[in-house]
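>>> Kindly generate the corresponding structure for this input.
(chains A and B)
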Amino acid sequence: DSGVTQTPKHLITATGQRVTLRCSPRSGDLSVYWYQQSLDQGLQFLIQYYNGEERAKGNILERFSAQQFPDLHSELNLSSLELGDSALYFCASRSGGGTDTQYFGPGTRLTVL
Amino acid sequence: AQTVTQSQPEMSVQEAETVTLSCTYDTSESDYYLFWYKQPPSRQMILVIRQEAYKQQNATENRFSVNFQKAAKSFSLKISDSQLGDAAMYFCAYRTPSSIKAAGNKLTFGGGTRVLVKP
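The predicted structure follows:
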């Protein structure tokens, strides 16, 4: 158990809908990262938050947004869902410093029908 | 942009034998970090080992060791005395150095290598 929690574990929804994925980082970790794992794109970095502020953006679609709250949990919002958004979405957290590792949550499996 | 390449889609190893997974990367930075993550059928991403680029000594974690060749930009993982529980996807990852603030220390992953362990 990495100490990072993600809810829900599975999500099945229809095209055009909007969903919210939730992540709670390890106790004390200020950085939260979101990654998408799909069959055709592999593991890709989406976005990072540090202590409530956006720190870096990757290949995140405009239909996707995220935020980190004062209690450090983070939410990834996916809207106008398309079939191609079906993927495993990981959250990872890191405490800081130069060599600290990113610890991954169990992921949320999103299926868009 | 940094890229990470794993040229072996799948590797098979006999239980108790040794297998080596290849990883190459492209970067213009001199300071960075490299990781190997394991993803078993449960889909959890589990850190196996990490290497700091400024360290010449190869990292070792129990049965797992790396061969880090900085000039060749190569970072291979050796699994010794393979066990059935080692069967998984293995991902090589590169982390941008802390000096590049805009990069946010994201991980860039290779495409993965599936390891099959035969009893």
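
>>> all contacts plus neighbour counts: C-alpha atoms, from now on.
Fine.

>>> Tell me which stretches of the chain form strands.
If you meant another chain, say so; for now it's chain A. In chain A, the segments counted as strands under DSSP state E are A:5-7, A:10-13, A:19-24, A:31-38, A:42-50, A:53-57, A:64-68, A:74-78, A:87-94, A:103-104, A:108-112.

>>> let's do chain B instead
B:3-5, B:10-14, B:19-21, B:24-26, B:33-39, B:46-52, B:60-61, B:64-69, B:74-79, B:88-95, B:107-109, B:113-118.

>>> now those strands as TSV including distance to A:Leu88?
Conversion of the strands of chain B to TSV gives the following (distance: least, CA to CA, whole Å):
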stretch	distance to A:Leu88
strand B:3-5	20
strand B:10-14	21
strand B:19-21	24
strand B:24-26	24
strand B:33-39	12
strand B:46-52	15
strand B:60-61	28
strand B:64-69	27
strand B:74-79	25
strand B:88-95	15
strand B:107-109	15
strand B:113-118	18
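
>>> Which residue, other than its chain neighbours, is closest to the residue sitting nearest the centre point of chain A?
The centroid of chain A falls nearest to A:Trp34 when counting by CA atoms, centre = their mean (3.3 Å). Once flanking residues are discounted, A:Trp34 sits nearest to A:Cys91: 4.6 Å by CA to CA, 6 or more residues apart in numbering or on different chains.

>>> quick one: low-confidence ranges for chain A?
Applying pLDDT under 70 to chain A picks out residues A:96-100.

>>> What parts of it come near chain B?
Residues of chain A lying near chain B by CA under 8 Å from any CA of the partner chain: A:33, A:42-45, A:48, A:55-57, A:98-99, A:103-107.

>>> about what we covered before: my read: the residue nearest to A:Trp34 touches A:Lys9, true?
No. The pair A:Cys91 / A:Lys9 is not scored as a contact, 12.0 Å apart, by CA atoms under 8 Å.

>>> quick one, which of those two is more surrounded?
Shown here are A:Cys91 and A:Lys9; by other CA atoms under 10 Å in any protein chain shown, A:Cys91 has more neighbours (31 against 15).

>>> for the nearest residue to A:Pro25 once chain neighbours are set aside, what are its contacts?
Nearest-residue entry for A:Pro25: A:Val4, 4.8 Å, with adjacent residues in sequence omitted and distances by CA to CA, 6+ apart. A:Val4 makes contacts with A:23-26, A:91-93, A:103-106, as judged by CA atoms under 8 Å, 6 or more residues apart in numbering or on different chains.
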